[in-house]
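Participant: sequence and predicted model, in that order:
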Amino acid sequence: MPGVVMVAVVAHGPDVEKPPFVRFDPEQPVPVPFSLMKRFVERVAEMLDGLKETQPPG
């Protein structure tokens, strides 16, 4: 890929029995499971949505 890669998601074909994973650094020794990253992003989105509901219109 051209440019700087900040996050890479690696997903294998359906015939490969490996779960997808996320890497933030090509030199990172342990990849982050995609399911964990997905859960993290969902929780952050929930928290931010909750903040929007408590903020006065402005």
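Facilitator: Ah, there it is.

Participant: contacting residues around the residue nearest the centre of the chain?
Facilitator: Centroid check for the chain by C-alpha atoms, centre = their mean gives M37 as the closest residue, at 4.0 Å. In this structure, M37 makes contact with V22, judged by C-beta atoms under 8 Å, 6 or more residues apart in numbering. Glycine gets a C-beta too; all of them are placed from N, C-alpha and C.

Participant: confirm it sits in a helix?
Facilitator: Yes. Secondary structure assignment places M37 in a helix (DSSP: H, G, I helix; E, B strand; the rest coil).

Participant: quick one: low-confidence ranges for this structure?
Facilitator: Counting by pLDDT under 70, the ranges of the chain that qualify are 1, 55-58.

Participant: helices of the protein, residue ranges please.
Facilitator: Under the criterion DSSP state H, the chain contains helices at 34-54.

Participant: how much space between the residue nearest to the centre of the chain and F24?
Facilitator: Using C-beta to C-beta, to the nearest Å, we find M37 at a distance of 10 Å from F24.

Participant: ok so, going back, now the residue nearest to the centre of the chain: how far from R23?
Facilitator: Relative to R23, and taking C-beta to C-beta, M37 is found at 10 Å.

Participant: now swap in V32 and tell me
Facilitator: According to C-beta to C-beta, V32 and R23 sit 7 Å apart.

Participant: what's the neighbour count on R39?
Facilitator: 11 (other C-beta atoms under 10 Å).

Participant: swap that for P19, sorry
Facilitator: 12.

Participant: so what's the residue lying closest to F34 once chain neighbours are set aside up against?
Facilitator: Excluding the flanking residues, the one nearest F34 by C-beta to C-beta, 6 or more residues apart in numbering is P20, at 3.9 Å. P20 sits next to 9-12, 33-34 when contact means C-beta under 8 Å, 6+ apart.

Participant: right, I'll call it a day here.
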